[in-house]
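> build the 3D model from these lines:
(chains A and B)
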Amino acid sequence: MIRLEGVSKRYANGHHGLMDVTLTVNRGEFVFLVGPSGAGKSTLIRLLYGEDRPTSGQVVIDQFRLQKMTWRQLPRLRRQLGIVFQDVKLLPARTVYQNVSFAMEVVGASRKEVTRRVPQVLELVGLSRQRDSFPDQLSGGEQQRVGIARALVNQPIYVLADEPTGNLDPETAADIMRLFLEINRRGATVVMATHARDLVNQLQKRVIAIESGQVVRDEVKGAYGYDA
Amino acid sequence: MTRNSLGYLVREAGRGLTRNVWMAVASISTVAISLFVLAVFVAVSANVNHVTTLLQNEVELRVFVKPHTSRSVEMNLLKQARNWPDVRKVEFFSKHEAAQQLKKEFPHQQALFAVIAKSNPLFDGYDVYTGSANEIPQVAQRFSKEPIIHNVVYEGNVVSRITRLSHIVRWAGWIVEALLALATMLIIVNTIRLAVFSRRREIQVMRLVGATNWFIRWPFVLEGLVIGFLGAGAAEAVVAASYGWVSSAAAVSVPFWPLAGMHLVIVRTSLFTGIGGFMVGGVASLIALRRFLRV
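Okay, the predicted model is just below:
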């Protein structure tokens, strides 16, 4: 379970990222974070994976109380999370397969686990045939699939995505979104910041709207609610 | 750390070293030069110690007995002196033995010895060795107070001067070495920073998927250590080659100057360069990583 209680984030330049946000996301949920650019969606995601600390309030993910965690403890939290970005952050000198296996190697997985698990996730994201391609040989949608495969390979409980379809054409975006739904169906909790209005409206999932750092709407079967 | 992680660690460190080959070469050469200077100081200091020890084994004081003193009185003083705590060794020589010694040392002055053989003008006396060079004056003084003693001759100054010289060499060495170590460290810090910078994407991914800080650090630390050790190895190779050359050259041009053995010098210097390389490489990479791996 993800729980935020009275969370505020004020940046050093005085800008308020978030103001007094309280919300709960249960295991197995699929949550869209929507709102204008600069509203605080990315700030919220960054707080969840411990990249930023709240100025006040509590961020709790399962047994982890993030404001009390030291840098040393952070890896334990991160192994429960799969993180997907708009700019996929792939390693250009490594193949699709190596990009995904790298994420397993660096958390100390055995070679056996790696050779078993990586083909599975590549199959899941539909990239089995491109496993030996390099990122610059792939389309934007394919690159994002590699990013998702990398986020999933360590079997996270929570998948955090920050505008994963931001750079993609509508059709590819829909493909990627279907992939996230599949991930959610298999048990992972998904929290996704997005601007994909049509998809949000279509999917009827929980929608949390953030404006100027505050939660202004939290609907179970919500709509995007903003004009494009 | 599993076997897989170890393989990963070695692979990554190798990747880092080959990615910035010239920077690595620059670092290794700097380490080598600085460690070579260290080794030179160590070698010089080993030689000074060597000479000091040798000199201490030479006669330190020569004490002469007044003529016409009976042998039993002389032997009494010998026995007494053997019990003095600051006297390591004392040996009696008669004026006859002194003449023989002189003959041996100056084989071309036979005419002189013909004269000596008739009426030996030399004195009986003692060769005295002290525990350390700075005990020489007090021992000399004690002997001079004895009524049978004619005079005391010593060149303890040589030993104490050499000892002082070795202190100076050592201290100057440490200071120069500290400065060199600092410069070397800065260069390694820079190399590691470059390596970290060129791998910042990997590091970012590693952190996001939950690699531990040490897992991220180790390849860089290993890289620093490898630089340190390669530098030490290069320095040691140069030391071995040049010391061999120096000692064979010295055997010809200054045959009376006893050089410390090759083996001793190599063992000593490699001890210092090894530890130096290890410390400089390791500390530098830790410094380089300290700030980078927060967040």
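> just the helices in the chain please.
Since you didn't name a chain, this refers to chain A. A:41-48, A:74-78, A:96-105, A:111-124, A:140-152, A:170-185, A:197-203 (DSSP state H).
> meant chain B, my bad for not saying
Under DSSP H, chain B gives helices at B:3-19, B:21-57, B:71-82, B:95-105, B:110-118, B:136-145, B:156-198, B:200-209, B:213-253, B:262-292.
> next, the buried residues of the first one.
Spelled out, that is helix B:3-19. In terms of neighbour count (16 or more other CB atoms under 10 Å in any protein chain shown), helix B:3-19 has its buried residues at B:4-5, B:8-9, B:12-13, B:15-17. Placement of C-beta: from N, CA and C, glycine included.
> how about the fourth one?
Burial within helix B:95-105, assessed by neighbour count using 16+ other CB under 10 Å, is assigned to B:95, B:98-99.
> quick check, A:Tyr188 in contact with A:Ala161.
No Tyr there; residue A:188 is Ala. No - contact criterion CB atoms under 8 Å: A:Ala188 and A:Ala161 do not qualify, at 10.9 Å.
> neighbours around A:Ser128, how many?
Number of residues near A:Ser128 (other CB atoms under 10 Å in any protein chain shown) recorded here: 14.
> quick check: it vs A:Arg111, distance?
Distance from A:Ser128 to A:Arg111, counting by CB to CB, to the nearest Å: 20 Å.
> got it, and A:Met192?
Going from A:Met192 to A:Arg111 by CB to CB gives 33 Å.
> looking at these two, which is more packed in?
A:Met192 (26 against 14).
> low-confidence stretches in chain A?
Within chain A, the stretches with pLDDT under 70 are A:227-228.
> let's go with 80 and repeat that
A:226-228 (pLDDT under 80).
> who in it is up against chain B?
Within reach of chain B by CB under 8 Å from any CB of the partner chain, chain A has these residues: A:49, A:51, A:71-72, A:74-79, A:81, A:83, A:89, A:91-92, A:102-103, A:105-111, A:150, A:154.
> pull out the buried residues from these.
A:49, A:51, A:74-75, A:77-79, A:81, A:83, A:89, A:91, A:102-103, A:105-107, A:109, A:150, A:154.
> B:Thr52 versus the residue nearest to B:Ala46 when sequence neighbours are not counted, what's the distance?
Spatially, and ignoring its direct neighbours in sequence, B:Ala46 is nearest to B:Ala260 (4.9 Å; CB to CB, 6 or more residues apart in numbering or on different chains). Separation of B:Ala260 from B:Thr52 (CB to CB): 11 Å.
> now do B:Tyr129
Remark: distance between B:Tyr129 and B:Thr52 (CB to CB) = 14 Å.
> ok, back up a step: export the buried residues of helix B:95-105 to TSV and tack on pLDDT and distance to A:Val118?
Formatted as TSV, the buried residues of helix B:95-105 follow (pLDDT from 0 to 100; distance: CB to CB, whole Å):
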residue	pLDDT	distance to A:Val118
B:Lys95	86	96
B:Ala98	84	92
B:Ala99	82	95
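> ok, and of those, which contact chain A?
With the criterion set as CB under 8 Å from any CB, no member of the buried residues of helix B:95-105 is near chain A.
> B:Gly277: which of those residues is nearest?
Within the buried residues of helix B:95-105, proximity to B:Gly277 (CB to CB) peaks at B:Ala98, which comes in at 54.5 Å.
> list the contacts of that closest one.
Counting by CB atoms under 8 Å, 6 or more residues apart in numbering or on different chains, B:Ala98 makes contact with B:122-125.
> switch to 10 Å and redo it
By CB atoms under 10 Å, 6 or more residues apart in numbering or on different chains, B:Ala98 lies in contact with B:62, B:64, B:116, B:120, B:122-125.
> can you list these in JSON lines and add pLDDT, neighbour count and distance to chain A?
Compiled in JSON lines, the contacts of B:Ala98 are given as follows (pLDDT from 0 to 100; neighbours: other CB atoms under 10 Å in any protein chain shown; distance: CB to the nearest CB, whole Å):
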{"residue": "B:Arg62", "pLDDT": "84", "neighbour count": "17", "distance to chain A": "71"}
{"residue": "B:Phe64", "pLDDT": "90", "neighbour count": "19", "distance to chain A": "77"}
{"residue": "B:Ile116", "pLDDT": "71", "neighbour count": "17", "distance to chain A": "86"}
{"residue": "B:Asn120", "pLDDT": "80", "neighbour count": "15", "distance to chain A": "86"}
{"residue": "B:Leu122", "pLDDT": "84", "neighbour count": "17", "distance to chain A": "82"}
{"residue": "B:Phe123", "pLDDT": "87", "neighbour count": "19", "distance to chain A": "80"}
{"residue": "B:Asp124", "pLDDT": "89", "neighbour count": "22", "distance to chain A": "80"}
{"residue": "B:Gly125", "pLDDT": "90", "neighbour count": "24", "distance to chain A": "75"}
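> most widely separated two among the residues you listed?
Within the contacts of B:Ala98, B:Arg62 and B:Ile116 form the most distant pair, 17.7 Å apart (CB to CB).
> for the residue of chain A positioned farthest from its centre, give its distance to A:Val125.
Distance from the C-alpha centroid of chain A, by CA atoms, centre = their mean, peaks at A:Lys112 (27.1 Å). Remark: distance between A:Lys112 and A:Val125 (CB to CB) = 22 Å.
> where does the residue in the stretch 101-250 of chain B positioned nearest to chain A land on pLDDT?
Proximity to chain A, evaluated over the stretch 101-250 of chain B using CB to the nearest CB, is greatest for B:Gly210 at 3.4 Å. pLDDT for B:Gly210: 87.
> show me what contacts it?
A:49, A:74-81, A:83, A:103, A:106-107, A:154, A:156.
> quick check: it vs A:Ala149, distance?
In terms of CB to CB, B:Gly210 sits 16 Å off from A:Ala149.
> what touches both of A:Ala188 and A:Ala161?
With CB under 10 Å, 6+ apart, A:Ala188 and A:Ala161 have common neighbours A:82, A:151, A:180.
> which ones are touching the last one?
Contact analysis of A:Phe180 by CB under 10 Å, 6+ apart lists A:30, A:84, A:148, A:159, A:161, A:164-165, A:188, A:190, A:192, A:194, A:199, A:203, A:205.
> could you redo the last one with a cut-off of 7 Å?
Contacts for A:Phe180 (CB atoms under 7 Å, 6 or more residues apart in numbering or on different chains) come out as A:161, A:190, A:192.
> and which of these is nearest to chain B?
Nearest to chain B out of the contacts of A:Phe180 is A:Ala161 (CB to the nearest CB; 12.5 Å).
> hang on, the earlier thing: for the helices of chain B, could you give me CSV that also reports distance to A:Met1?
Shown next, in CSV, are the helices of chain B (distance: least, CB to CB, whole Å):
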stretch, distance to A:Met1
helix B:3-19, 32
helix B:21-57, 48
helix B:71-82, 90
helix B:95-105, 98
helix B:110-118, 109
helix B:136-145, 85
helix B:156-198, 36
helix B:200-209, 22
helix B:213-253, 27
helix B:262-292, 34
